[in-house]
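Asker: Whatever this is, show me its structure:
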Amino acid sequence: MKVWSAQRLTLTAALTLPLTVAQAYAGQSPADEDELALLYGAADSVSIATGNLQALRRAPAVASVITAADIAAMGATDLDQVLESVPGIHVNRTPNSNSPLYVVRGIVSPYTPQILMLQNGVPITTAYVGNKGNIWGGYPVEHIARIEIIRGPGSALYGSDAFSGVINIITKGPLEAQGTEVGARAGTFDTYDAWVQHGGKVGPVDVAAYVRMGSTDGNDSRIDADAQSRNDTLFRSHASLAPGGLNNQVKAADANLDLIYGQWRARFGYKKRYDMGTGAGIASALDPVGRQRSERITSSLAWADPQFSGDWGLGASLSTQQYSQEVTTLYRLLPPGLVFPTGAFPDGMIGAPETWERTYRLSGYADYSGLNAHHLRIGVGHDDIDLYRVREVRNFSYAANGTPIPLPSVIETTYTLPFLRPQRRRIDYVYLQDEWNLAKDWNLTAGVRRDRYSDFGGTTNPRLALVWDASFDLTAKLLYGRAFRAPAFLESYGITNPVAMGNPNLKPERNATSELSFAWQARADANVNLTFYRYAMKNIIRVVPNATPGTGGTYANTGNQNGRGVELESTWTVTRDLRLSGNYAWQRSIDETTDTDAGYAPHNHLYGRADWAFVSGYQAGTQVNWVAGRKRAFGDARPAISDYTTLDLTLATRNGRRQWNFSAALRNVFNADVREPTPAPGLNLPHDLPMAPRTISLQASYRM
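Answerer: As a prediction, the model looks like this:
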C-alpha cells in the first residue's frame with residue numbers, strides 16, 4: 001500500500017508540477033521566442049497528418065514532433081531512446097537479434113508490424129516479416145532533423161501497417177546540415193562511433209551528405225535459463241549455455257546523400273549492420289557463435305510544385321529499397337550436445353535462413369484549392385514488392401509431429417524444402433482527402449483510400465477528423481479512422497516450419513479507432529494535451545495449433561482485441577534557461593478470445609524531463625522513465641513483470657560554428673534491473689530479457 005501511495009504521489013507531482021509552478025511565475029515575461037527556438041528547436045508544425053505542413057495543435061491527428069534539439073537535450077544516441085519518450089509508445093525487445101518492438105497503445109506482437117516506419121515519407125517496411133527488418137541493429141540520430149509521429153490509424157493516407165501509428169524519420173537536408181560537422185563518441189560495452197556530415201552547395205545544387213561508422217559489443221547481461229535449459233530437463237542432457245551473456249555485438253555503416261535542384265529532390269541512403277550477434281538466440285537459446293548482417297539501400301526521386309497552375313499543386317515520386325538479411329556464421333539454433341528423442345545433435349541444431357527483396361514505389365498527387373473553404377488532395381500509386389531470392393542451409397529436418405530430426409551434415413535446402421519460396425506482391429491504390437473549413441473555427445478533414453493487392457484482394461479505409469478552435473487557447477479534436485495490416489510473406493507463404501506454417505488464405509488485420517483530444521495553451525510558454533481513445537482490432541493474425549497434438553501450428557485470422565486509454569502531456573518553458581516536459585499514458589487492452597489482459601504492454605507509463613541552460617553555452621538535462629503494470633498474456637503462468645524506474649543525466653555544451661562541442665550522458669543512473677517480457681508461455685526465457693545496466697557515453701564534435 002505504501003509503495004502504491006508513493007507511486008501515486010510521484011505521478012501526481014510529475015503531471016501537475018509544470019502547471020503548478022507556471023501559476024507561481026504568472027507575472028514573469030515570456031522568454032524570447034527566437035532564442036528558445038534556437039535552443040530547443042521548432043516543434044509546432046507537422047506534415048505527417050495530411051501530407052501538408054500545418055500547425056501541430058490543429059493537425060487532424062494525435063501527433064508528436066521531436067526535433068534535433070530535443071534529441072540532443074535528452075542525450076539520446078539511438079532512435080529507440082527517443083521513441084521511449086513519446087506518450088503511448090514503449091520500446092520492448094525480442095530475444096531474436098535483440099530487435100526493438102515499438103509497442104503503441106498496448107498493441108503487442110512478435111514482430112510489431114502494426115506500426116508503419118517511414119524515412120523521409122517513404123516506407124522502409126520489409127516483406128518477409130512485415131516490419132522494418134529483424135536485423136535492425138539500431139538507428140543513429142546525428143543526421144535526424146525531426147521525427148513526426150502519429151498515434152492511431154493512418155491507413156487512409158499511408159495504406160498498410162499504419163495500424164497503431166506512423167513514425168516518419170526526417171533526415172537533415174542542406175538547410176539543417178549547413179557547414180561541416182565531424183564527431184566521435186565512446187561509451188560502455190566498447191561502443192565507438194564516428195561521423196561526418198556536410199551541408200552546402202555544389203553549383204546550383206543544394207547538397208547534404210552524412211557518413212557514420214560504429215561498433216559495439218552491446219549489452220551482455222546474463223541469462224539464467226534459456227530454451228535449451230528446458231530441453232535439458234526433459235531429455236536429461238546438459239547442453240544449455242545458460243547461465244551466459246547476451247550476444248548483442250554489432251558493427252554499423254550508414255550513409256545519406258540529399259540533393260536539391262529547383263523542384264527536384266533526390267535522396268540516397270545506405271544502412272549496413274554486420275558481424276551482428278543473435279541477442280538471446282534466434283530460437284531463444286544462447287548462441288555466442290552465430291553472426292548475421294543486413295543491408296538496406298534506399299533511393300528516391302521526387303518532384304513537387306505547390307503552385308503548378310492557379311489553384312493546383314502537383315507532386316510525384318519514385319522510390320526504391322533493396323534489403324537483404326544474411327547469415328555470415330551459421331546460427332546455432334540449439335547448442336552442441338542437444339539430444340531429442342529423434343537423435344542427437346553433437347554440433348548443435350544449425351540453420352541459416354536468408355532473404356533478398358526489392359521494392360519499387362511510384363506515386364503522384366494533386367492538390368486543389370479552387371473550391372471555397374476546401375483543400376482537396378487526390379493521390380495514386382503503385383508498389384511492386386518482390387522477395388526474389390531465398391537461401392537456407394541446415395542440419396535437420398522434421399518428423400511428422402514437428403520434432404527435429406538430425407541430418408548427417410549441414411545441407412542446402414533452398415531448392416528442396418525451403419522455409420519460404422520467392423514471392424511477389426503488387427499493390428495499386430488511390431486516395432482522396434478534403435480539408436474543409438466548414439465554419440469559423442471549425443475544420444473537417446475527411447479521407448478514404450482504396451488498396452488493391454494482387455494476392456488477397458482489396459481493402460478500403462476511411463477517416464474523419466473534426467477540429468474545433470473552441471477559444472484562443474483551446475483546440476478540441478474528434479477523430480475516427482480505420483486501418484489495416486497486410487499479411488507478411490512469412491505468414492502467408494511460410495513452409496517446412498511446423499512451428500508456424502504459412503496460410504495463403506489470410507486476410508488483413510483490421511483496426512478501428514476513435515479519439516477525443518484537447519490541446520490547451522495554458523500560458524504563452526506552457527501547453528497541455530489530453531487524449532482519450534478506444535480501438536477495436538479484428539482478424540488478428542496468430543499461430544493456431546493444428547488439430548493433431550504435437551504437430552505445431554498454422555497462421556490464421558483469429559481473435560479480436562479492444563483497448564482504451566488516456567494520454568496526457570505537458571511542456572512548460574519556465575524561463576529562457578529552464579524547460580520542463582512530461583507525459584503519462586494509461587491503457588487497458590483486452591483479448592476478446594479469453595476476456596483477459598492482452599499482456600506485456602505497460603498499463604502505466606510516465607516520462608518526465610528537465611532541460612537547464614546555464615552559464616553560456618552549457619546545458620544539463622535529466623529524465624525519468626517509469627514503466628509499470630505489465631501483465632502476462634493468457635497461458636503465461638509467470639508472475640507479473642516487475643515495474644521499473646530509470647533516471648538519466650546529460651551534460652553538454654551548445655557552442656556555435658567553428659567551435660568544439662562536448663557531451664556526456666549517464667543512463668540508468670541507479671542501475672535499475674530493467675527487463676522486457678518474452679512471449680507466452682515463457683518456457684524459453686522464463687526470467688524475461690534483461691536490458692542494459694548503467695551506461696555512459698562521451699561525445700565530441702566540431703562544426704566548421
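
Asker: switch to C-alpha atoms for all contacts and neighbour counts from now on
Answerer: Fine.

Asker: Which residue ranges of the stretch 501-650 of the chain form strands?
Answerer: According to DSSP state E, counting those that start in this stretch, the stretch 501-650 of the chain carries its strands in the segments 509-523, 526-538, 541-545, 553-557, 561-575, 578-591, 596-597, 604-614, 618-628, 644-653.

Asker: those strands in the stretch 101-250 of the chain, which residues are they?
Answerer: Under DSSP E, counting those that start in this stretch, the stretch 101-250 of the chain gives strands at 115-119, 122-123, 144-151, 165-171, 179-187, 191-202, 205-216, 222-223, 244-245, 250-261.

Asker: out of everything not next to it in sequence, what's closest to the residue nearest in space to the middle of the chain?
Answerer: The chain has Tyr102 as the residue nearest its centroid, 4.5 Å off, counting by CA atoms, centre = their mean. Closest residue to Tyr102 apart from its sequence neighbours, by CA to CA, 6 or more residues apart in numbering: Val91 at 4.9 Å.

Asker: how close does that neighbour sit to Ile124?
Answerer: 18 Å (CA to CA, to the nearest Å).

Asker: quick one, which of these two is more surrounded?
Answerer: Ile124 (22 against 18; other CA atoms under 10 Å).

Asker: got a pLDDT number for the more buried one?
Answerer: On pLDDT, Ile124 comes in at 97.

Asker: Spell out which residues sit in contact with the closest residue to Pro243 other than its chain neighbours, please.
Answerer: Distances taken as CA to CA, 6+ apart place Asp224 nearest to Pro243, at 4.4 Å, with adjacent residues excluded. Applying CA atoms under 8 Å, 6 or more residues apart in numbering to Asp224 gives the contacts Ala242, Pro243, Gly244, His687.

Asker: my guess is the first one meets Asp226, correct?
Answerer: So the one you mean is Ala242. Yes: the pair Ala242 and Asp226 qualifies as a contact (CA atoms under 8 Å) at a distance of 6.3 Å.

Asker: which neighbours do these two share?
Answerer: The contact lists of Ala242 and Asp226 share Leu286, where a contact means CA under 8 Å, 6+ apart.

Asker: Which strand in the chain has the most residues?
Answerer: When the chain is parsed with DSSP state E, its longest strand is strand 374-398.

Asker: so how far is that one off the chain centroid?
Answerer: 19 Å (CA atoms, centre = their mean, to the nearest Å).

Asker: Note down every partner strand of that strand and its orientation.
Answerer: The pairing partners recorded for strand 374-398 under DSSP bridges are strand 349-368 (antiparallel), strand 404-412 (antiparallel), strand 423-439 (antiparallel).

Asker: got the contact list for the nearest residue to Gly348 once chain neighbours are set aside?
Answerer: With CA to CA, 6+ apart as the criterion, Gly348 has its nearest non-adjacent residue at 3.6 Å, and that residue is Pro336. By CA under 8 Å, 6+ apart, Pro336 lies in contact with Ala239, Phe345, Pro346, Asp347, Gly348, Met349.

Asker: Repeat that for Val327.
Answerer: Shown in contact with Val327 (CA under 8 Å, 6+ apart): Gly290, Arg291, Gln292, Arg293, Ala352, Pro353, Glu354.

Asker: quick revisit: buried sites along the longest strand of the chain?
Answerer: 374-387, 389-396 (16 or more other CA atoms under 10 Å).

Asker: about what we covered before: for ChimeraX, write the select line for the buried members of the contacts of Pro336.
Answerer: To isolate the buried ones among these in ChimeraX, judged by 16+ other CA under 10 Å, type:
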select :239,345,348,349
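
Asker: Export the contacts of Pro336 as JSON lines, with columns for distance to Leu56 and pLDDT.
Answerer: Shown next, in JSON lines, are these (distance: CA to CA, whole Å; pLDDT from 0 to 100):
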{"residue": "Ala239", "distance to Leu56": "56", "pLDDT": "96"}
{"residue": "Phe345", "distance to Leu56": "58", "pLDDT": "95"}
{"residue": "Pro346", "distance to Leu56": "60", "pLDDT": "95"}
{"residue": "Asp347", "distance to Leu56": "57", "pLDDT": "95"}
{"residue": "Gly348", "distance to Leu56": "54", "pLDDT": "95"}
{"residue": "Met349", "distance to Leu56": "52", "pLDDT": "95"}
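
Asker: now, among the contacts of Pro336, which is nearest to Ser97?
Answerer: Met349 (17.5 Å; CA to CA).

Asker: Provide the partner residues of the closest one in its beta bridges.
Answerer: Those that pair with Met349 in a beta bridge, by DSSP bridges, are Leu334.

Asker: Ok, Glu326 next?
Answerer: Arg293.

Asker: Would you enumerate the residues in contact with it?
Answerer: Gln292, Arg293, Ser294, Ala352, Pro353, Glu354, Thr355.
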